[in-house]
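Structure, please.
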Amino acid sequence: MINRDEILAYVRQKYGTQPDHPWLNHPDYAVLRHEGSGKWYGVIMNVPNAKLGLLGEGDAKVLNLKCDPVTNSLLRGQHGILPAYHMNKEHWITVVLDSPFPKEEVYNLIDMSFRLTKRS
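Okay, the predicted model is just below:
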(Lines give C-alpha, C1' and ligand atoms only; values in the text may rest on other atoms or scores of the structure.)
Protein backbone atom coordinates (compact mmCIF):
# COMPACT_ATOMS: atom_id res chain seq x y z
CA MET A 1 0.00 0.00 0.00
CA ILE A 2 1.19 3.51 -0.82
CA ASN A 3 -0.25 6.92 -0.03
CA ARG A 4 -0.37 10.28 -1.74
CA ASP A 5 2.33 11.85 0.44
CA GLU A 6 4.77 9.04 -0.36
CA ILE A 7 4.16 9.47 -4.09
CA LEU A 8 4.62 13.24 -3.92
CA ALA A 9 7.83 12.85 -1.90
CA TYR A 10 9.15 10.29 -4.40
CA VAL A 11 8.53 12.44 -7.51
CA ARG A 12 9.85 15.54 -5.76
CA GLN A 13 13.08 13.78 -4.77
CA LYS A 14 13.63 11.84 -8.02
CA TYR A 15 12.32 14.25 -10.67
CA GLY A 16 12.00 17.61 -8.91
CA THR A 17 8.25 17.52 -9.60
CA GLN A 18 6.00 19.88 -7.70
CA PRO A 19 2.35 18.88 -8.10
CA ASP A 20 0.04 21.09 -10.10
CA HIS A 21 -3.55 21.61 -8.93
CA PRO A 22 -5.34 22.83 -12.08
CA TRP A 23 -8.97 22.31 -11.03
CA LEU A 24 -10.51 24.74 -8.57
CA ASN A 25 -13.43 22.38 -7.91
CA HIS A 26 -10.99 19.51 -7.16
CA PRO A 27 -8.18 21.04 -5.08
CA ASP A 28 -6.96 17.60 -3.94
CA TYR A 29 -6.29 16.42 -7.49
CA ALA A 30 -2.55 16.63 -8.23
CA VAL A 31 -1.12 16.53 -11.74
CA LEU A 32 2.48 15.37 -12.11
CA ARG A 33 4.12 17.15 -15.05
CA HIS A 34 7.47 17.24 -16.77
CA GLU A 35 9.26 20.48 -16.12
CA GLY A 36 9.62 22.42 -19.35
CA SER A 37 7.19 20.53 -21.60
CA GLY A 38 4.38 20.42 -19.03
CA LYS A 39 3.38 16.93 -20.25
CA TRP A 40 1.54 14.86 -17.69
CA TYR A 41 3.08 11.67 -16.42
CA GLY A 42 0.61 11.13 -13.60
CA VAL A 43 -2.45 12.41 -11.83
CA ILE A 44 -3.62 11.68 -8.28
CA MET A 45 -7.39 11.85 -7.75
CA ASN A 46 -10.21 10.83 -5.45
CA VAL A 47 -12.80 9.04 -7.59
CA PRO A 48 -16.16 7.64 -6.47
CA ASN A 49 -15.93 3.87 -6.11
CA ALA A 50 -18.99 3.42 -8.31
CA LYS A 51 -17.26 5.18 -11.24
CA LEU A 52 -14.36 2.73 -10.97
CA GLY A 53 -16.57 -0.35 -10.66
CA LEU A 54 -15.52 -0.83 -7.03
CA LEU A 55 -17.85 -1.89 -4.26
CA GLY A 56 -18.76 0.29 -1.33
CA GLU A 57 -19.60 3.92 -0.72
CA GLY A 58 -17.13 6.76 -0.85
CA ASP A 59 -14.10 7.54 -2.95
CA ALA A 60 -10.97 5.67 -3.89
CA LYS A 61 -7.61 7.44 -3.94
CA VAL A 62 -6.03 6.62 -7.30
CA LEU A 63 -3.00 7.40 -9.42
CA ASN A 64 -3.23 7.42 -13.22
CA LEU A 65 0.02 6.57 -15.03
CA LYS A 66 1.06 6.07 -18.63
CA CYS A 67 1.98 2.46 -19.34
CA ASP A 68 3.09 0.60 -22.45
CA PRO A 69 0.30 -1.61 -23.86
CA VAL A 70 2.08 -4.93 -23.15
CA THR A 71 2.72 -4.09 -19.49
CA ASN A 72 -0.80 -2.67 -19.27
CA SER A 73 -2.36 -5.96 -20.37
CA LEU A 74 -0.20 -7.90 -17.89
CA LEU A 75 -1.03 -5.62 -14.96
CA ARG A 76 -4.78 -5.29 -15.43
CA GLY A 77 -5.54 -8.60 -13.79
CA GLN A 78 -3.70 -7.66 -10.60
CA HIS A 79 -5.52 -6.45 -7.52
CA GLY A 80 -5.27 -2.66 -7.35
CA ILE A 81 -4.80 -2.05 -11.09
CA LEU A 82 -7.76 -0.84 -13.15
CA PRO A 83 -8.35 0.40 -16.69
CA ALA A 84 -7.48 4.09 -16.74
CA TYR A 85 -10.08 6.48 -15.39
CA HIS A 86 -10.70 9.31 -17.88
CA MET A 87 -7.63 8.42 -19.97
CA ASN A 88 -6.80 6.20 -22.95
CA LYS A 89 -7.25 2.70 -21.55
CA GLU A 90 -4.64 1.15 -23.84
CA HIS A 91 -1.87 3.52 -22.77
CA TRP A 92 -2.80 4.47 -19.21
CA ILE A 93 -3.67 2.57 -16.03
CA THR A 94 -5.24 3.49 -12.73
CA VAL A 95 -3.53 2.33 -9.54
CA VAL A 96 -5.78 2.15 -6.47
CA LEU A 97 -3.62 3.53 -3.66
CA ASP A 98 -5.43 1.75 -0.82
CA SER A 99 -4.81 -1.65 -2.40
CA PRO A 100 -2.18 -4.27 -1.63
CA PHE A 101 -0.34 -3.51 -4.89
CA PRO A 102 3.33 -3.29 -3.83
CA LYS A 103 4.80 0.15 -3.16
CA GLU A 104 8.03 -0.62 -5.03
CA GLU A 105 6.01 -1.64 -8.08
CA VAL A 106 4.12 1.68 -7.95
CA TYR A 107 7.48 3.48 -7.97
CA ASN A 108 8.54 1.39 -10.99
CA LEU A 109 5.32 2.34 -12.78
CA ILE A 110 5.88 6.03 -11.99
CA ASP A 111 9.36 5.73 -13.51
CA MET A 112 7.93 4.04 -16.61
CA SER A 113 5.31 6.73 -16.99
CA PHE A 114 7.94 9.44 -16.65
CA ARG A 115 10.08 7.83 -19.38
CA LEU A 116 7.13 7.22 -21.73
CA THR A 117 5.96 10.83 -21.54
CA LYS A 118 9.38 12.48 -21.71
CA ARG A 119 10.21 14.44 -24.84
CA SER A 120 12.55 12.61 -27.17
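
ok, Leu109 touching Val95?
Yes: contact criterion Cβ atoms under 8 Å: Leu109 and Val95 qualify, at 6.7 Å. All C-beta atoms are positioned from the backbone trio N, CA, C, and that covers glycine.

which of the two has more neighbours?
In terms of neighbours (other Cβ atoms under 10 Å), Val95 is the more surrounded of Leu109 and Val95; the figures are 26 against 21.

the strands in the chain, which residues?
Remark: strands assigned in the chain by DSSP state E are 30-33, 40-48, 59-66, 81-83, 92-96.

would you turn these into CSV with mean pLDDT and distance to Ala9?
Formatted as CSV, the strands of the chain follow (pLDDT from 0 to 100; distance: least, Cβ to Cβ, whole Å):
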stretch, mean pLDDT, distance to Ala9
strand 30-33, 97, 12
strand 40-48, 95, 12
strand 59-66, 96, 14
strand 81-83, 92, 22
strand 92-96, 95, 16
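
how about the ones you listed in TSV, adding distance to Lys14?
TSV is the format used below for the strands of the chain (distance: least, Cβ to Cβ, whole Å):
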stretch	distance to Lys14
strand 30-33	11
strand 40-48	11
strand 59-66	14
strand 81-83	22
strand 92-96	17
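
Many thanks, have a good one.
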